[in-house]
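Colleague: coordinates only, sequence not included:
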């Protein structure tokens, strides 16, 4: 059995999807539809840059979704590979929206609109420069949580992404992250400040939660037989009601990616197919379990060599 997984922010690059855009009419159609829906030239930004503009959350979120969705449809329509036979659909943070759209819960235009709104809300939840994210390497999440508990008077920081054993991402105010970074370096624990514009998946996103609560409640999701795995629970989403609530709470809650992958493997998944730019998730899956089969699909040749 296989699962289809979709990347989140950080996988973007100028020129992503260019090969698919040039070779497949269906991709040109989605790029055009994205520009018309959003009423600005997202296509040009993806294909030509500039990078600093593409890296703004308000642009990154719809851009990564557009590439993931386009590749998924090329695999399905132009190569006749039925990815809807997947046991599970899952995505990392904004990738959860790529997953739910490709799984049939929300159409393309509605998804790209809600991601533009989500990106805007998250970008403006806290003044730029006041918060950030820090990747900590070489520690398990439980060990890191103990450090945070024992030192909460010195820095107030939250776990944002439990990506794999040995890769955990934290969010918080800039000063707290600086203090924590110095503390970890003193203990010879490697950590890297991430080039992001806001502290995602923590309580500093509370303004974004309020905005997105209203936006998500307006959406009419469709029922689908495809099963989604939630970032918040690391488990199956059982109803449309739960889907809405989990998408709202996801903004401030940690991405439980490591547990999500382990749960899918426990339930019979032996192959993961990553759809979208980059190979970030494939690398994380490999760190979580070396025995499962992993395929990254971000070029024509990747599809041609895909074996399910």
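Modeller: Structure's in. What do you need? The structure presented is a predicted model; accordingly, all values stated were derived computationally and were not measured.
Colleague: what number of residues lie near residue 42?
Modeller: Using other Cβ atoms under 10 Å, residue 42 has 20 other residues around it. (Each C-beta comes from the backbone N, C-alpha and C, glycine too.)
Colleague: Next: residue 254.
Modeller: With other Cβ under 10 Å as criterion, residue 254 counts 22.
Colleague: right, and it touches residue 161 too?
Modeller: Yes - using Cβ atoms under 8 Å, residue 254 makes contact with residue 161 at a distance of 6.5 Å.
Colleague: what residues do the two have in common as contacts?
Modeller: Common neighbours of residue 254 and residue 161 (criterion: Cβ atoms under 8 Å, 6 or more residues apart in numbering): residue 201.
Colleague: if I look at residue 93, how far off is residue 40?
Modeller: Here residue 93 is placed at a distance of 23 Å from residue 40 (Cβ to Cβ, to the nearest Å).
Colleague: Looking at the two, which is more packed in?
Modeller: Taking other Cβ under 10 Å, residue 93 and residue 40 do not tie; residue 93 has more neighbours (23 against 14).
Colleague: wait, that one sits on residue 11?
Modeller: No - judged on Cβ under 8 Å, residue 93 makes no contact with residue 11 at a distance of 10.5 Å.
Colleague: Next, the residue nearest in space to the middle of the chain: secondary structure please.
Modeller: Most central in the chain under Cα atoms, centre = their mean is residue 8, positioned 2.4 Å from the mean C-alpha point. Under DSSP: H, G, I helix; E, B strand; the rest coil, residue 8 falls in the coil class.
Colleague: how about it, what does it touch?
Modeller: Contacts of residue 8 (Cβ under 8 Å, 6+ apart): 64, 91-95, 255.
Colleague: And the pLDDT at residue 208?
Modeller: Listed pLDDT for residue 208 reads 97.
Colleague: mind starting the numbering at 55 from now?
Modeller: Got it, the first residue is 55 from now on, which makes the last one we talked about residue 262.
Colleague: packing partners for the helix or strand encompassing it?
Modeller: Secondary structure from DSSP states H and E places residue 262 in helix 260-271. For helix 260-271, the helices and strands in contact under the criterion 3 or more Cβ pairs under 8 Å, 6 or more residues apart in numbering; DSSP states H and E are helix 162-177, helix 294-303.
Colleague: Between helix 260-271 and the shortest one, find me the angle.
Modeller: Okay, so that is helix 294-303. 160 degrees (axes from the mean of the first three to the mean of the last three Cα atoms, to 10 degrees).
Colleague: list the buried ones in the helix or strand just after helix 294-303?
Modeller: Counting by DSSP H and E, the element after helix 294-303 in chain order, helix or strand, is helix 311-320. With burial defined by 16 or more other Cβ atoms under 10 Å, the residues of helix 311-320 counted as buried are 311-315, 317-319.
Colleague: next one: stretch 62-74
Modeller: Those would be 62-66, 68, 70-71, 74, for stretch 62-74 by 16+ other Cβ under 10 Å.
Colleague: roughly how far out does it sit from the chain middle?
Modeller: In terms of Cα atoms, centre = their mean, to the nearest Å, the centre of stretch 62-74 is set 13 Å apart from its chain centre.
Colleague: how far does it stretch from start to finish?
Modeller: End-to-end distance for stretch 62-74: 19 Å, by Cα to Cα, to the nearest Å.
Colleague: on that earlier part again, against residue 73, how distant is the residue nearest to the centre of the chain?
Modeller: When distance is defined by Cβ to Cβ, residue 62 is 22 Å away from residue 73.
Colleague: Just confirm residue 197 is within a helix.
Modeller: Yes - membership of residue 197 in a helix is supported by three-state DSSP.
Colleague: Next one: it from residue 129, what distance?
Modeller: 39 Å.
Colleague: So for the two, which sits in the more crowded spot?
Modeller: residue 129 (21 against 13).
Colleague: doesn't residue 358 make contact with the more buried one?
Modeller: No - Residue 129 is not in contact with residue 358 according to Cβ under 8 Å; the separation is 10.6 Å.
Colleague: Just the element for residue 113, please.
Modeller: Per DSSP H and E: helix 111-127 holds residue 113.
Colleague: same for that helix, what does it pack against?
Modeller: Under the contact definition 3+ Cβ pairs under 8 Å, 6+ apart, helix 111-127 sits against helix 72-77, helix 79-92, helix 96-102, helix 105-108, helix 149-156, helix 162-177, strand 325-329.
Colleague: After that helix, which helix or strand is next?
Modeller: strand 142-145.
Colleague: So what touches that next one?
Modeller: With contact meaning Cβ under 8 Å, 6+ apart, strand 142-145 is reached by 57-62, 150-154, 156-157, 280-283, 285, 290, 314, 318, 321, 323.
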